[in-house]
Structure formats: structure tokens, C-alpha cells
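Student: Model the structure of this input:
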Amino acid sequence: MSWKASARHGVREAPNGFALVQELLNTRAAMSYAPDLLAGPDEAQWWLTETLGVWSQVSGLPAPTLLLSTADLRSMRRLRGAFEHVVLAGARPAPDDALPPADVQVSLVPDGTGWVRVVPTGRGIRWLASALWSEALLAQQAGMWPRLKLCNNQACRAAFFDTSRNNSGVWHDVSTCGNTANLRAFRERRRTHGQEP
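Tutor: All right, here's what the predicted structure looks like:
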């Protein structure tokens, strides 16, 4: 069981169904090694079908078969952008009007043991939005939401789940994005102090 978009970046995956949000974020193109999985209908359909299958196994909830149209691709890219705003707002609070509205519906369903489950509802992309926002809500309630981050490297922006003790991670991979940024900062410091031509 593997989340395809996140596997391209080699990142630690968010736990349980919360990885669905991370997976959507990781569909974005990153540097030269990761094309945008929502750029065209074939790639997007493949990604969505695989992803919903994994989510269904992880969450224990059924996922519908969604067949994407061109309009759906635009909606999915807007949804991805909305989640980027929300994740970034967690790191740097934004004014309320800077965050996109999330008008989705869910069902609250008691199971056989008396626990109430949040179950996505709707059709097509509205169902997907319901599933994503449901997972975001559950992650916030479990205290996991602040650990989902976007890599500080603007060219990368891979979504990763920060497992550091003090939740201080800023790079999806310190050896690539972190070292590049640190080397750039080191060279800039040397240049400004006249140590390099």
C-alpha cells in the first residue's frame, strides 16, 4: 500500500487517512523530478483511482469511482491550492479573508461500537473535497495538523509529515533541499562580508 504522489518525494507519510491531504499536495510539480499529476486527464485519473483505493483501505470507508472531466481537473487544482493556503496559514497566520471557503458536507454515522464516524458525502469532486476536509478536521482534532508542512524550498514544496520532537522541520529532505539552502546562505554571508569575489 503506497501513496504514489508522496512516494515520488521520498517523504514520511502522514498517518492513516490524513495522508490523503498530503497526497493531494504532493501532486504539484517539484523541480525536475516530479511532474504535476493534475496537469492532464490521464495522469490525474490514474493518480486519483490509485489514491482513493489506498485511502479506502486505510480509512476502512468505501470510496466511489470518480471519472474526471476537464472541469474536474480545474476544480482539483483549486482544491489543492486551497489546502496549500491552509497548511501555510498554520505556519504563518493569514487574515481570515485570505483563506478560501470550504463549503462541504459530511455525514456523521455511528458504528456498531457506538463511535461516531465522519463519512464523506456528495458526488464527484464534491465527494473528494468532503473526504479531504474530513481528514483535515480529524487531523486537527488529533493534534496532527501542525505536523503537515510544505518544504521551505520554493522550487520543491513537497508536503511532508514532520516527526521531529519539537515539530521544527522545514525541509522535506535535509540532504537535498536543506543542504542547497544552507550552502546558498553560507555563500551569501561570505559574499556580503567580502570573503568572496
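
Student: contacts, neighbours, all on C-alpha from now
Tutor: Will do.

Student: in this structure, what spans have low per-residue confidence?
Tutor: Scanning the chain with the threshold set as pLDDT under 70 gives 1, 90-102, 174-176, 178-191, 193-197.

Student: Show me the helices in it, by range?
Tutor: Using DSSP state H, the helices of the chain run over 4-7, 19-25, 41-59, 70-91, 124-141, 179-192.

Student: can you list those helices in a markdown table and add distance to residue 165?
Tutor: As requested, those are exported to a markdown table (distance: least, CA to CA, whole Å):
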| stretch | distance to residue 165 |
| --- | --- |
| helix 4-7 | 22 |
| helix 19-25 | 20 |
| helix 41-59 | 25 |
| helix 70-91 | 17 |
| helix 124-141 | 18 |
| helix 179-192 | 21 |
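
Student: Quick one: closest of these to residue 33.
Tutor: Closest to residue 33 of the helices of the chain is helix 4-7 (CA to CA; 11.6 Å).

Student: Buried residues of that closest one, list them for me.
Tutor: Neighbour-count burial for helix 4-7 flags 4-6 (criterion: 16 or more other CA atoms under 10 Å).

Student: what does stretch 159-176 give?
Tutor: For stretch 159-176, burial by neighbour count (16+ other CA under 10 Å) applies to 159-162, 169-173.

Student: Next up, the contacts around the residue nearest in space to the middle of the chain.
Tutor: With the centre of the chain defined as its mean C-alpha position, the nearest residue by CA atoms, centre = their mean is residue 22, 2.6 Å away. Neighbouring residues of residue 22 by CA atoms under 8 Å, 6 or more residues apart in numbering: 6, 13-14, 148, 159-160.

Student: ok, now with 7 Å
Tutor: 14, 159 (CA atoms under 7 Å, 6 or more residues apart in numbering).
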